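1. Return a 3D structure for these sequence lines:
(4 chains)
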4 protein chains.
Amino acid sequence: MITGYSKRKILNDPIYGFIKFPFEIIYQIMDHPWFQRLRRIKQTGLTSLVYPGANHSRFQHSLGAMHLMQEAIKVLRIKGHSINKEEERGALIAIMLHDIGHGPFSHSLENSIVDKLSHEDLSEIFMQFFNEIFRNELDLALEIFKDKYSKKFLHQLVSSQLDVDRLDYLKRDSFYTGVVEGTVNADRIISMLELAEGELAVESKGIYSVEQFIIARRLMYWQVYLHKAVIASEYLLVSILKRAKFLVETGVKVWSTPSLSFFLTNQLEKKDFNEQKVLQRFSELDDYDVLASIKVWASHKDKVLSYLAKSIINRSLGAIELRDESFSEEDIDKYRKKTMQILGFTRDEVDYVVINDFTFNLAYNPNLGRINILNKKGITKDISLASDQLNISVLSNPVTKSFLIYPKEIR
Amino acid sequence: MITGYSKRKILNDPIYGFIKFPFEIIYQIMDHPWFQRLRRIKQTGLTSLVYPGANHSRFQHSLGAMHLMQEAIKVLRIKGHSINKEEERGALIAIMLHDIGHGPFSHSLENSIVDKLSHEDLSEIFMQFFNEIFRNELDLALEIFKDKYSKKFLHQLVSSQLDVDRLDYLKRDSFYTGVVEGTVNADRIISMLELAEGELAVESKGIYSVEQFIIARRLMYWQVYLHKAVIASEYLLVSILKRAKFLVETGVKVWSTPSLSFFLTNQLEKKDFNEQKVLQRFSELDDYDVLASIKVWASHKDKVLSYLAKSIINRSLGAIELRDESFSEEDIDKYRKKTMQILGFTRDEVDYVVINDFTFNLAYNPNLGRINILNKKGITKDISLASDQLNISVLSNPVTKSFLIYPKEIR
Amino acid sequence: MITGYSKRKILNDPIYGFIKFPFEIIYQIMDHPWFQRLRRIKQTGLTSLVYPGANHSRFQHSLGAMHLMQEAIKVLRIKGHSINKEEERGALIAIMLHDIGHGPFSHSLENSIVDKLSHEDLSEIFMQFFNEIFRNELDLALEIFKDKYSKKFLHQLVSSQLDVDRLDYLKRDSFYTGVVEGTVNADRIISMLELAEGELAVESKGIYSVEQFIIARRLMYWQVYLHKAVIASEYLLVSILKRAKFLVETGVKVWSTPSLSFFLTNQLEKKDFNEQKVLQRFSELDDYDVLASIKVWASHKDKVLSYLAKSIINRSLGAIELRDESFSEEDIDKYRKKTMQILGFTRDEVDYVVINDFTFNLAYNPNLGRINILNKKGITKDISLASDQLNISVLSNPVTKSFLIYPKEIR
Amino acid sequence: MITGYSKRKILNDPIYGFIKFPFEIIYQIMDHPWFQRLRRIKQTGLTSLVYPGANHSRFQHSLGAMHLMQEAIKVLRIKGHSINKEEERGALIAIMLHDIGHGPFSHSLENSIVDKLSHEDLSEIFMQFFNEIFRNELDLALEIFKDKYSKKFLHQLVSSQLDVDRLDYLKRDSFYTGVVEGTVNADRIISMLELAEGELAVESKGIYSVEQFIIARRLMYWQVYLHKAVIASEYLLVSILKRAKFLVETGVKVWSTPSLSFFLTNQLEKKDFNEQKVLQRFSELDDYDVLASIKVWASHKDKVLSYLAKSIINRSLGAIELRDESFSEEDIDKYRKKTMQILGFTRDEVDYVVINDFTFNLAYNPNLGRINILNKKGITKDISLASDQLNISVLSNPVTKSFLIYPKEIR
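-> Residues are numbered from 1 along each chain as shown, chains lettered A, B, ... in the order given. As a prediction, this is how the structure comes out:
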């Protein structure tokens, strides 16, 4: 166990200046290999292929969100709401670890080799193991994380439609991508936080900042997270991992790092991760395994695997069309045939490079809990009702876009 | 005439780093007393009473917009559109001078002592006099300003719903107020500019930035320009100037600076400003006349004038209620009566301090010209049609709010 | 007296985001007309003639320094040093009011019409009057300000070679001028603060930031505060005020605002300011009086006064030569003669426009108290001894520069 | 070969906003796998272990420096110096590729497995191969890079004591580490660039910015590049790679990625890299190989290798003492013995973890070419002579510090 910690410890952060550690356990958790591993996982995965500045890690985000949680608790206390030391510590731990379950390039990974495993589930499992290590000191953190604690607003600060997680990642991703117009004023929103009947709310004079937050998030989705080239990269990665797994399953030798190899050869389910051995394996997997392996695959004799691997390593991404209407089977077939012809792929193989799917985004999802706006008379309204002009109800409609990815050679 | 100008001249700007002067005449215009006077006029008037950082001047904004115009012209040229030196010079001059007609605290001034005089009209008059001074070198600038020039997009860069004026002022006001979430990505929007049938357009991949620009502008309206305390200050100032004018008209001696005195004693109409003498007088009027006079009025024997003057000097603003529904005559009357009772004002006097009016804002006004989004097939659509989700049509509905200002003593 | 204050009050600041008011009296002092007046006094006087962004007020700086004091106290408490509520309040008030005694363009004013009156002396007088108003609640603040309080480090935070005053003004002036390389890392320096034998010190790992702070300050001096054109403007203003005062004394009528008039017609000494009446007069004087009067003087019949006034209003500054060696009497005489010849000034008059003086700057003055660097063994050394390479002893030598200002017409 | 490039291409950069590609070949070079590989090499190696924000890549820096070169050329042209299109292109390519020869964690790598191979030499070799690919289009770039071109200043912009390389990396590293006080004003310095007798110079009014640049660089050295924990990490990495190489040489099986394996098993000299095959191998080596291998080594049966690997992966760095005086052999021996005792290492093994060496930094090295300051009379002086106060001659003395790294277990 790490000792010698002192409250004096600070960490530089380009966004907030310095991040502090008000509890020794916070520092100890940060020092644990499971948490240190987040240094090796990029927050926005392959986005750096499109926005070269976006190399920031999940480590930075987790600490940043923990910093904002400190600010939020300060504000609520100033406004007269009691939050004791234990609760503060619990909330800080819960937010520190809310993303601990993320694997490398997790969206792609979850759609290829560790099917149906959500990072939220894994975060909880990690927290349970941490709780053993730290002799039940995470009991309250777990309650807050699982929304079992009486002071519901603590959970809402960790996870809701206006939580410190979102505030940090929007601010951070905007900063690192250079998409400055996607920034949010976390300071102002936090300073407007209030409680209403035990739930988190925003004072009504903060309504414009909340609207801007929703719009900024939407902007970041379409301009960054669902940017065409980002989608193309992520699906490319899914294809690579699926192909590698397929080859392994059919007995073809596929070089990979031991950690990745474990996941390519074992078909795991959620329950398997409750075994410490499996979790430990997972904790050893990071961006370095995936990219180091893909680099080797670029010269694999399987031409699909090497074609895909080269694409990602040399940033020679597939073409992608994104549109409101879906693509007809005939249309897609044309692309398939052309690809088979030009690249010499079989019908089976072509599915790794001609990909039709859809993506959608919901700027505000009232079903996931409301964002409460508290007026001066003490009455709360959902933002979608409180906003006088911005048609939040429109923003609550999911926007769905179909896309078709295909090799740029057939363009 | 100023000589010895060299293209090497640069000016520091906290936002863009450095501002350059690609034509000698640009530097000469900047050096003219009429333009130098903009140093003494705050861009956002009394807003600094609410946002203490907002002390930036119209001088800075005019140069900032001129800087963005340079960038916009560079982008359009790179995209193959020919803009010759003359046109560039004309557009730069037009934007440099687009706000030259602003008086101090112009919204308040235009509603009190120089009724019905728009700053746009005055800017044009100033430009015409400049044209004489510079021997017709502003001919093209005037054509562009008045939208008489064949290349319509040059006018649109100066004045439209997505012009460099708005891009600079939103960025600048956001920067100086500290309302960081109201910023716009001028760089990105400018880099996406295009022409479509001679009109300004934005490439379709810039659509999210345009939406964000509209939303940011709306945010800045409600959070800054139409902030309750800002409205209260501006109406307070209107009352002060009206009262001073009234006193002057009724023969009461009212000390004021000579420049302000001229406007308090003369009832001027738009056509009067075509006389150089009047324009010269106007050019001598700035924030310093208004505030220096008000400071003296704080101890004027007229109790209405001194009450109002003290309020603004000591930032002891009136209370204000802002709401969607209008106030009934009965309601207002209650406030009037209470004010008469507590402050001892007469029925006439009370109208200077109990003020009922409304304000409105239109985030996007399609009647003022469209914001064209140009898709890859070369087809343009208005942003309100091109935007797939943000309900711009909703944003096109004016939001009207009624307000009632009254002395804080009767709260 | 203002009531209804709540700890929830926050103020936007473009640099720190939000500024808080942890004590009611802090908010009440801010609301007092004497403090509100600082809104109308530019922090860097005429510097905005050279750096157009530098329009920030002493109001902003005073609050910013108060904000940094809060941070410094937090850090010292975390490191185990006890600072009670009373002391915190005292230190916050002392820093809030450390510049309250500044008049408009104070360097120029102190050298023309209110001779030998330092703003520090006036700040203390203001604080004493505030202490009466607030029924001795400023007793401790006064002790701290006057370095009479036992916990010496509190005074050092207010006023020493590394105080929160300097940290804020360097950061702020750098921000507003756009001279970004003059910024300091106030956050880091504050986080490295410590106490050693009751005196303020910086942990040794903060030594590079302290060195950078000294160098940044020096840069700001030569690039901003002592920029040639800034010096020329300030001496111009001294000449204007001296000339106006001279004319008044010789019976010539000189229009001015009542507040300025009081100081032009009365020859005041330090002791006079202990009368509330005089102090009140002083508190009514701000930038608006000075510039509003100068604008009128631009058309005064005294040709010296009007020449000077026009120069400053139209930013048509004198030429200035700055050099290491002093100017010989012969040299200066040549300029005088040429000026008399070209501008038709008499020998007496020429002294208002041909000005020879010198300026100097001391990057680090060990006589004004040391900057203590505290090493891990608990031993403190002055920065000039602790710094291994940067020759702070060289920086401790005053740099003196002679300059000669003369009308640009004779260039 | 990449086609379809257009001058419209822009790339987001969090520091400069957007980066442009004024020549098609610039874009094509960027798209080449050799250049794309720089995405996978962190600019500041293991620094991110200390400053978690420092995840930026050499890809970003190379493009950033290319951007500044565009600005520098613009400035020099405005000042009347002719630089033709060919020269511009050459200079842009030279700076784009100046760091192409960097391997992953190059300081550590160069001291362990590819001894005595400087990245400058490798950059030149890469450029020669690029020249073949692009059919001699890099002839001029190579001349500029090797300082063989007549217009010497172009080389100086690429490589001198005040080149765009340093301007970008100081600005960038300061931005990403959050050490804001290490920033430089690249804009201002570039705007002050001039030529004097064919060599690069800075106008004398830029002298303070140049001084600040030298001081900022020094700050960044001691606070970032030579931060104790950064030194400890880098020497740790040297030890790891040396140990792995030693094990391979003695026949112990050491798992590693194919690319790293090649360099662990082959002893290469500079001349070997002239073979395309070897260069290609080198071009396949990046951060991912090194860290993916080290992760596996954390469970290697060799206890030295696994000890070291775990230290770096889990950020459990050795202790380090840094001081002015050197360590005596007796002192070091004490640490060695204690380590052998506590960790059970042999005398040979102990040298991997108890490391005594020294580091030094020279803030300004006049032997590497001068920084010319050009005064108004057209005379240039070296900055160390032109600076009136900052004792640059002191800064020219190398500062040497001895350090001793040892396992934290024996602390």
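2. Check the secondary structure at the most far-flung residue of chain A relative to its centre for me.
-> Distance from the C-alpha centroid of chain A peaks at residue A:341, with 38.1 Å (CA atoms, centre = their mean). On the three-state scheme (DSSP: H, G, I helix; E, B strand; the rest coil), residue A:341 is labelled helix.
3. Quick check: it vs residue A:235, distance?
-> Per CB to CB, to the nearest Å, residue A:341 is found 22 Å from residue A:235. Placement of C-beta: from N, CA and C, glycine included.
4. Please apply the same query to residue A:313.
-> 16 Å.
5. for residue A:120, same thing?
-> Residue A:120 sits at a distance of 23 Å from residue A:235 (criterion: CB to CB).
6. Comparing these two, which shows the higher neighbour count?
-> Set residue A:120 next to residue A:235 and count neighbours by other CB atoms under 10 Å in any protein chain shown: residue A:235 wins out with 23 against 13.
7. so which strand or helix has the more buried one?
-> Using DSSP states H and E, residue A:235 sits in helix A:228-249.
8. Next: residue A:104.
-> Applying DSSP H and E, one finds residue A:104 in no helix or strand.
9. how near is it to residue D:40?
-> Taken as CB to CB, the span from residue A:104 to residue D:40 is 14 Å.
10. related to what we said a few turns ago, how close does the residue farthest from the centre of chain A sit to chain B?
-> Per CB to the nearest CB, to the nearest Å, residue A:341 is found 26 Å from chain B.
11. Chain D versus that residue, what's the distance?
-> From residue A:341 across to chain D, the span is 21 Å (CB to the nearest CB).
12. Could you look up the SS state of residue A:404?
-> strand.
13. Output the set of residues of chain A in proximity to chain C.
-> Taking CB under 8 Å from any CB of the partner chain as the measure of proximity, chain A contacts chain C at A:7, A:8, A:10, A:17, A:18, A:78, A:79, A:187, A:188, A:191.
14. Filter the residues you listed to keep only those in contact with chain B.
-> The residues of those that also fall near chain B, by CB under 8 Å from any CB, are residue A:188.
15. could the residues of chain A next to chain C go into CSV alongside secondary structure, neighbour count and pLDDT?
-> Shown next, in CSV, are those (DSSP: H, G, I helix; E, B strand; the rest coil; neighbours: other CB atoms under 10 Å in any protein chain shown; pLDDT from 0 to 100):
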residue, secondary structure, neighbour count, pLDDT
A:7, coil, 14, 64
A:8, coil, 15, 71
A:10, strand, 17, 90
A:17, strand, 16, 93
A:18, strand, 16, 93
A:78, helix, 15, 91
A:79, coil, 15, 93
A:187, helix, 23, 93
A:188, helix, 25, 93
A:191, helix, 22, 94
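16. Tell me the one among the residues of chain A next to chain C nearest to chain B.
-> residue A:188 (7.1 Å; CB to the nearest CB).
17. Look up how far residue A:306 lies from that closest one.
-> Distance from residue A:188 to residue A:306, by CB to CB: 51 Å.
18. do the same with residue A:285
-> According to CB to CB, residue A:285 and residue A:306 sit 23 Å apart.
19. what do you get for residue A:274?
-> Look at residue A:274 and residue A:306: by CB to CB, they are 37 Å apart.
20. can you check residue A:247 too?
-> Applying CB to CB to residue A:247 and residue A:306 gives a distance of 11 Å.
21. Spell out the secondary structure type for the residue of the stretch 301-411 of chain A found nearest chain C.
-> Going by CB to the nearest CB, chain C is nearest to residue A:376 of the stretch 301-411 of chain A, at 12.7 Å. Following three-state DSSP, we place residue A:376 in the coil state.
22. circling back to that earlier point, which residue of residue A:274 and residue A:306 possesses the greater neighbour count?
-> Under the criterion of other CB under 10 Å, the comparison of residue A:274 against residue A:306 puts residue A:306 first, with 16 against 11.
23. OK, contacts around the closest residue in space to the more buried one that isn't next to it in sequence?
-> Once flanking residues are discounted, residue A:306 sits nearest to residue A:300: 4.7 Å by CB to CB, 6 or more residues apart in numbering or on different chains. By CB atoms under 8 Å, 6 or more residues apart in numbering or on different chains, the contact set of residue A:300 is A:254, A:255, A:306, A:309.
24. Secondary structure, distance to residue B:270 and pLDDT added to these, as a markdown table?
-> Formatted as a markdown table, those follow (DSSP: H, G, I helix; E, B strand; the rest coil; distance: CB to CB, whole Å; pLDDT from 0 to 100):
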| residue | secondary structure | distance to residue B:270 | pLDDT |
| --- | --- | --- | --- |
| A:254 | coil | 81 | 97 |
| A:255 | coil | 81 | 97 |
| A:306 | helix | 75 | 97 |
| A:309 | helix | 72 | 98 |
